[in-house]
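Novice: any chance you could fold what I've pasted below:
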Amino acid sequence: MNPESPRAEALSATILALLIAPSSAAPDYTEDLAFLRAHTPIIELRSGDARVALAPAWQGRVMTSTPGGDNARAMGWIHRPVIEAGIKPEAERTGLDKHIHVFGGEERLWFGPEGGPYSLFFPPGVPQEFTHWKTPALIDTEPFVVESSSETSAIFTKSATLSNRAGSELTMDIRRKVEVLDDAGVGILLGITPAGEIRTVAYRSSNTVTNRGDKAWTRETGLPSIWILGMFPPTPATTIVIPLNPESDAKPNTNYTGFGPIPADRATVTGNHLFFKGDGQARGKLGVPPSRAMPFSGCWQADSGVLTLLHTPLPDDVAKLPYVDSQWKEDGDPYAGDVINSYNDGAPEPGAKPLGPFWELETSSPALALAPAASHTHQQTTLHLTGPREALDPIAKKVLGVSLDEIENALP
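Specialist: Alright, predicted model coming up:
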């Protein structure tokens, strides 16, 4: 998760209660869908038995999905207490909702940088501390317009202006298309056709930003990035896997400002793979710089038998491009950030409550140096596969470069 957590003593009992979400090793899609529809309009995409639930009121985010079948499993993490509480007028917000509404959702649109001299989450002149941290309403509470929708895709649009910490205004048009993939599309993306006994749900979001101002966005005034984040239910045997480009020896960042170092028994690099526990039991964040990034990342939940894969196309010259640094600090290079991030939720300090718990995988576009009327599209595809272990193992080897056994044995 992105915000640096507040100290436990600064949270009232009411807010602490709000932060606790029901947890289940196998959330039910039908139940989650009914709950969501009772609180907000939902667009449901379909391909065969696969379903993808989108919330236009929350920026067209993917709230959850399922490959279908008997006892259809919900793949996304949703935060029922926050959804039930709803969005209060600004003047009536007294706790965490002054900073963010943690609705959940397995794929949402954000913008970076979060921290640094060109932060979109901290106004000018204030310390970069949680007290002053606030998610822009554009990516928190403002609905997007439904331009079109069908059984297999939906398009959401929004025109907005974001102000950064340096005082620059970024006027933009946003177009977000979410489409569900069929079996043929999955096979083409993976380079391997899932066996018949495997159930799959896969969807792709294409997120386009256009500079609608009369000035170019420059490094000196602060460049934004398109940032896509997903929140998923943790299990005790969840291991996140991020393949690393072997042509670079740059180290992933496992000591994010505000989160602290991740112990070696929870995150480790073995060969050209970064492994990270996604059990929701210890708060930590890590990032992979452009020179080490690869198109695929993923997660294996050994106890529930779910293989999750994430794909984002990388520019040919990715290692040479600027990526925004979202860490909460004033010093350092604001364009030495990461392409891929992962977060595991947990108590921010002894005695405090977690935000979920949940785990996240995230991808970012390069920093957007856009001239007036110029556009950039950042694409991400999310896939969840369930089925016999012997059928999932070849997919893990092909796509992630490691077997399920190797994933399970990578961390204690």
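Novice: and for Val178, the neighbour number?
Specialist: 24 (other Cβ atoms under 10 Å). In short, each C-beta sits where N, CA and C put it, glycine included.
Novice: measure it to Glu362 for me?
Specialist: Distance of Val178 to Glu362, computed by Cβ to Cβ, to the nearest Å: 17 Å.
Novice: before we move on, what about Asp317?
Specialist: Noted for Asp317: a distance of 22 Å to Glu362, by Cβ to Cβ.
Novice: which of the two has more neighbours?
Specialist: Comparing Asp317 with Glu362 by neighbour count (other Cβ under 10 Å), the higher total belongs to Glu362, at 27 against 9.
Novice: does the more buried one touch Met231 like I think?
Specialist: No. Applying Cβ atoms under 8 Å, one finds Glu362 not in contact with Met231, separated by 9.9 Å.
Novice: excluding covalently adjacent residues, which one is nearest to the residue in the chain sticking out farthest from the centre?
Specialist: Largest separation from the mean C-alpha position in the chain: Asp214, at 31.0 Å (Cα atoms, centre = their mean). Leaving out its chain neighbours, the residue that sits closest to Asp214 by Cβ to Cβ, 6 or more residues apart in numbering is Pro372, at 5.7 Å.
Novice: burial count for the one you found?
Specialist: By other Cβ under 10 Å, the residues close to Pro372 number 13.
Novice: secondary structure of it: a helix, I assume?
Specialist: No. Under DSSP: H, G, I helix; E, B strand; the rest coil, Pro372 sits outside any helix and is assigned coil.
Novice: how close does Thr30 sit to Thr135?
Specialist: Distance, Thr30 to Thr135, by Cβ to Cβ: 30 Å.
Novice: the two: which is more packed in?
Specialist: With neighbours defined as other Cβ under 10 Å, Thr30 and Thr135 compare such that Thr135 has more, 18 against 12.
Novice: my read: that one touches Phe121, true?
Specialist: Yes. Under the criterion of Cβ under 8 Å, Thr135 makes contact with Phe121 at 6.4 Å.
Novice: now stretch 396-412: average pLDDT?
Specialist: Here stretch 396-412 scores 98 as its mean pLDDT.
Novice: ignore what I typed, I meant stretch 320-336.
Specialist: For stretch 320-336, mean pLDDT is 96.
Novice: any idea how far Gly271 is from Gly401?
Specialist: Taking Cβ to Cβ, one finds Gly271 at 9 Å from Gly401.
Novice: neighbour-wise, which of the two wins?
Specialist: Neighbour tally, Gly271 and Gly401, criterion other Cβ under 10 Å: the higher count belongs to Gly401, 17 against 12.
Novice: quick check: that one touching His273?
Specialist: Yes. Assessed by Cβ under 8 Å, Gly401 is found in contact with His273 at 6.9 Å.
Novice: shared neighbours, these two?
Specialist: Taking Cβ atoms under 8 Å, 6 or more residues apart in numbering as the criterion, Gly401 and His273 both touch Pro243.
Novice: so what's Ile155 closest to, chain neighbours aside?
Specialist: Distance criterion Cβ to Cβ, 6+ apart; nearest residue to Ile155, sequence neighbours excluded, is Glu147 at 4.3 Å.
Novice: in the chain, what helix or strand scores lowest on average pLDDT?
Specialist: In the chain, the helix or strand scored least confidently by mean pLDDT, DSSP states H and E is helix 13-19, which has a mean of 32.
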